[in-house]
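A.B. asks: pasting the sequence and the predicted model now:
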Amino acid sequence: MSATLWQIPVSHFSEKARWALERKGIEHERRSPPPPSHIPIALWLTRGGCHTFPVLVLDGRAIGDSAAIIAALEEYRPDPPLYPDDPADRRRALEIEAFFDAELGPYARALIFHDLRDSPGGYADFAAPMLPPPVRETRVGRAAGGALARTYTQVRFRVAGQEAAEEARAKVLAALDRLEAEIAAGDGTHLVGGRFSVADLAAAALFGPIVQPPEGPHVGSAPPPAFEEFRATIADRPGYRWVAETFARERGDARRP
Ligand SMILES: N[C@@H](CCC(=O)N[C@@H](CS)C(=O)NCC(=O)O)C(=O)O
């Protein structure tokens, strides 16, 4: 068996794949080429099928997209399961995963990328862990890495304008409403079937950049002021607390090398 995860350490979509691999106890190697070089690498690994990370290469087969990676892992190592046994529960869990993948993931990311723009040194600090050590250790290297990240996120995701920030905040709030409805529909701890499943994993991992729990990926040393202001308005909500509790109970240490 050989498994290599091509990933971005800070990314919440990569975090979904890491969490699933660790949950299932699958030994794997991690490769983290700096963005935006990951786009041609993803295309090359998947023969043009996928341009995003994470990509998992499992026994020579390249699988792009975090949901497809979890599906492949579920088949490869069924225990412990991430998919509920009951077919109706399974459908619901996968629908919840698909909702947070589409309706939260891109907007949580856009909000951080937008707010980092007004944070002094924010992008340099955010990009530094993704740079090769000799570059990251010089002031010029860090500044250049930050400038590249700032330009890339604007060109690729159009995050600079106020409308982009407003849309991202509205989507994050709508996702929090949905999460709270799912918590109420479940047993209060798990979203589906009374046990930890792909639904919990996806919701918690994709809210990771918003809640930034200590067990989750390191997003940067100082959250941007505008982001902190937004976060303060939701920090007491049950859905926000559920994300922190789910990481604390289920994740183990996501920051291990
Ligand atoms: N649906 C994909 C989304 C992954 C994704 O958006 N990855 C980002 C990093 S967070 C990426 O590689 N983006 C490159 C791009 O879209 O240009 C998944 O679930 O894996």
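C.D. replies: On my side now, so go ahead. Numbering: from 1, shown residues only.
A.B. asks: and whatever residue of the stretch 101-250 of the chain ends up closest to the ligand, what helix or strand is that in?
C.D. replies: In the stretch 101-250 of the chain, the residue that lies nearest the ligand is Arg156 (4.8 Å; CB to the nearest ligand atom). For glycine as for every other residue, the C-beta is placed from the backbone atoms N, C-alpha and C. Per DSSP states H and E, Arg156 falls inside helix 139-157.
A.B. asks: any idea which element Gly220 lies in?
C.D. replies: Counting by DSSP H and E, Gly220 is found in no helix or strand.
A.B. asks: no wait, Trp19
C.D. replies: Assigned by DSSP H and E, Trp19 falls in helix 12-23.
A.B. asks: give the buried residues for the following helix or strand past that helix.
C.D. replies: Next helix or strand after helix 12-23 toward the C-terminus (DSSP H and E): strand 29-31. By neighbour count with 16 or more other CB atoms under 10 Å, strand 29-31 contains the buried residues Arg30.
A.B. asks: tell me the strands beside strand 29-31, with direction?
C.D. replies: In the sheet, strand 29-31 lines up against strand 3-6 (parallel) (DSSP bridges).
A.B. asks: pull out the buried residues from the partner strand.
C.D. replies: Quick answer for strand 3-6 (16+ other CB under 10 Å): 3, 5-6.
A.B. asks: what does stretch 49-62 give?
C.D. replies: For stretch 49-62, by 16+ other CB under 10 Å, it's 50, 52-58, 62.
A.B. asks: and the end-to-end length of that stretch?
C.D. replies: 10 Å (CA to CA, to the nearest Å).
A.B. asks: just confirm yes or no for that stretch near the ligand.
C.D. replies: Yes - counting by CB under 6 Å from any ligand atom, the ligand has neighbours in stretch 49-62: 52-54.
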